[in-house]
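Undergrad: My questions are about this predicted structure, shown below with the sequence.
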Number of protein chains: 2
Amino acid sequence: MHEFLIKYIKSHSTTLLSESDIQLINESFIPKKLRKRQYFQQAGEVCKYMAFIVKGAMRQYSVDDKGAEHMVRLSIEGWWAGDRESFTMLTPTIYNIDAWEESEVLIITKADMNQLRSIPAMSEMASQLDNNHAFALQKRVHSSISDPVEKRYADLAKTYPQLLERFPQHLIASYLGVTKETLSRVRHNLIKK
Amino acid sequence: MHEFLIKYIKSHSTTLLSESDIQLINESFIPKKLRKRQYFQQAGEVCKYMAFIVKGAMRQYSVDDKGAEHMVRLSIEGWWAGDRESFTMLTPTIYNIDAWEESEVLIITKADMNQLRSIPAMSEMASQLDNNHAFALQKRVHSSISDPVEKRYADLAKTYPQLLERFPQHLIASYLGVTKETLSRVRHNLIKK
DNA sequence: CGCGGGTTTGATGATGCTCAAGCCCGGTGG
DNA sequence: CCACCGGGCTTGAGCATCATCAAACCCGCG
């Protein structure tokens, strides 16, 4: 269970992990299984854990007053789940996070996360992740104001083809900010070329 | 010139600054004046400096193949300018950054920035900024996929009223991802209520 | 006075949304 | 084995929203 995480940390850092480091990491990350559709966090709660996804697929989304869901994030194994803002600021989150597929995750509290900062590889990984996260968000903002849906979908298909395989199209549509009907037609047009 | 920055750092950290800290900071941040419309960075270059804006207003934007500009960021005094991705990864940026008003900034290289990490208040401030930046981007992504233009504009007006006073509406429109005509009509509608 | 940048207004067309219906397919139960 | 069902995807018609293009307006400034 934890081996995947350890491998992940190694691949995202340049320094080595000692046996005691690995020990500490194993103790800090607690395994948890989630059934299909099981909530990991619900809107209104404070996000107490970050989850490293070992297996499965999860989604983070808000629900508006008309009951419509808006996907802000779709993640699969090797990615993280949890609302960063709520987690670090201890404020209630506005997002639901649930398992789209049956999933296995490793969860960690903020306190334990802070503990782990003493491990160089961990803090290195964390800052690298923060960076990548920020870069990805920046790109998404940029494409949302400058690219038409067609291009946004094509980019997504190129950058994260795994997501298209794991999530149904109406979730991808929501992630892109359009309705499922529009995405269906966009795809139809793309195929013709 | 540097006093504003020092005050800023203090207000974004909990630890104190020694005289030598302040000394080091003053040496690392180099003052620079920018005329109206002067480039701070151009697309294609590597972003060599981060700029803390002491006075003035700057914008970060891309230019598409039709020559249209897309504002990804608008900043005024007390904020930062510079493409994070290019700055940290040393890759060429796709954004132009220029001064909308005549501006005074304090610029710092990546190497000097790393030096300053040894100062607790600085690293604390940096991580706080990274967080706030990520939170703001997350919100912008969320609103771009879930809110109509009307609400996005109203939120902007409420959260950052300074921006509306400092930048003309066609830049605000671009920032929101709509044309100036649409924003003009949106405003017209909002006033009627 | 004339000019330039910014904003507004109007007409027209493209794009995306809503609502409604139908299709496809895998799963369930008779 | 077949009928039925539900979730997901597609298709179509009508409507709302937004972009585009063009013109006019407003105002500060040389």
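TA: Now that the structure is in, tell me what you want to look at.
Undergrad: for residue A:78, helix, strand, or coil?
TA: Applying DSSP: H, G, I helix; E, B strand; the rest coil to residue A:78 yields a three-state assignment of coil.
Undergrad: Run the contact check for the longest helix seen in chain A versus DNA strand D.
TA: Longest helix in chain A by number of residues (criterion: DSSP state H): helix A:120-146. No: shown here: helix A:120-146 not in contact with DNA strand D (C-beta under 7 Å from any atom of the strand), separated by at least 9.0 Å. The way it works is simple: take the backbone N, C-alpha and C, and place the C-beta from them, glycine included.
Undergrad: what about that helix and DNA strand C, touching?
TA: No: interface with DNA strand C: helix A:120-146 contributes nothing (C-beta under 7 Å from any atom of the strand), its closest point being 11.8 Å away.
Undergrad: roughly how far is that helix from the heart of the chain?
TA: With C-alpha atoms, centre = their mean, to the nearest Å as the basis, helix A:120-146 stands 12 Å off its chain's centre.
Undergrad: same thing with stretch A:59-67?
TA: Worked out by C-alpha atoms, centre = their mean, stretch A:59-67 lies 16 Å from the chain centre.
Undergrad: check contacts around residue A:1.
TA: Each residue near residue A:1 by C-beta atoms under 8 Å, 6 or more residues apart in numbering or on different chains is listed here: A:31, A:54, A:104, A:106.
Undergrad: 10 Å instead?
TA: Counting by C-beta atoms under 10 Å, 6 or more residues apart in numbering or on different chains, residue A:1 makes contact with A:26, A:29, A:31, A:54, A:55, A:104, A:105, A:106.
Undergrad: Show me which of those residues is closest to chain B.
TA: Taking C-beta to the nearest C-beta as the measure, chain B sits nearest to residue A:105 out of those, at 20.6 Å.
Undergrad: Of the contacts of residue A:1 - the most surrounded one?
TA: Most neighbours among these, by other C-beta atoms under 10 Å in any protein chain shown: residue A:105, with 27 neighbours.
Undergrad: That residue: what's it in contact with?
TA: So residue A:105 contacts A:1, A:29-34, A:40, A:49-56, A:58, A:77, A:80-82, A:99 (C-beta under 10 Å, 6+ apart).
Undergrad: ok, of those residues, which come out buried?
TA: A:29, A:34, A:40, A:49-54, A:56, A:58, A:77, A:80-82, A:99 (16 or more other C-beta atoms under 10 Å in any protein chain shown).
Undergrad: So which of the residues you listed belong to strands?
TA: A:34, A:40, A:49, A:50, A:51, A:52, A:53, A:54, A:58, A:80, A:81, A:99 (DSSP state E).
Undergrad: quick check, nearest of those to residue B:16?
TA: residue A:50 (31.1 Å; C-beta to C-beta).
Undergrad: where's the residue lying closest to the closest one once chain neighbours are set aside relative to residue B:181, distance?
TA: Nearest non-adjacent residue to residue A:50, counting by C-beta to C-beta, 6 or more residues apart in numbering or on different chains: residue A:82, 4.1 Å away. Going from residue A:82 to residue B:181 by C-beta to C-beta, to the nearest Å gives 41 Å.
Undergrad: Any chance of TSV for the ones in strands among the buried ones among the contacts of residue A:105, columns distance to residue A:157 and pLDDT?
TA: Shown next, in TSV, are these (distance: C-beta to C-beta, whole Å; pLDDT from 0 to 100):
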residue	distance to residue A:157	pLDDT
A:34	27	94
A:40	27	96
A:49	31	98
A:50	28	98
A:51	26	98
A:52	26	98
A:53	21	97
A:54	25	97
A:58	20	97
A:80	22	97
A:81	22	97
A:99	24	95
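Undergrad: Name the nearest of those residues relative to DNA strand D.
TA: Closest to DNA strand D out of those is residue A:99 (13.1 Å), distances taken as C-beta to the nearest atom of the strand.
Undergrad: right, and that closest one touches residue A:74 too?
TA: No: counting by C-beta atoms under 10 Å, residue A:99 does not reach residue A:74; the two are 11.9 Å apart.
Undergrad: what residues do those two have in common as contacts?
TA: Applying C-beta under 10 Å, 6+ apart, one finds that residue A:99 and residue A:74 are jointly contacted by A:57, A:58, A:59, A:81.
Undergrad: List the beta-bridge partners for the first one.
TA: Right, the one you point to is residue A:57. Per DSSP bridges, the residues bridged to residue A:57 are residue A:76.
Undergrad: what's the burial count for it?
TA: Residue A:57 has 23 nearby residues by other C-beta under 10 Å.
Undergrad: wait, what's in contact with it?
TA: A:36, A:74-77, A:79, A:81, A:99-103, A:162-163, A:165-167, A:171.
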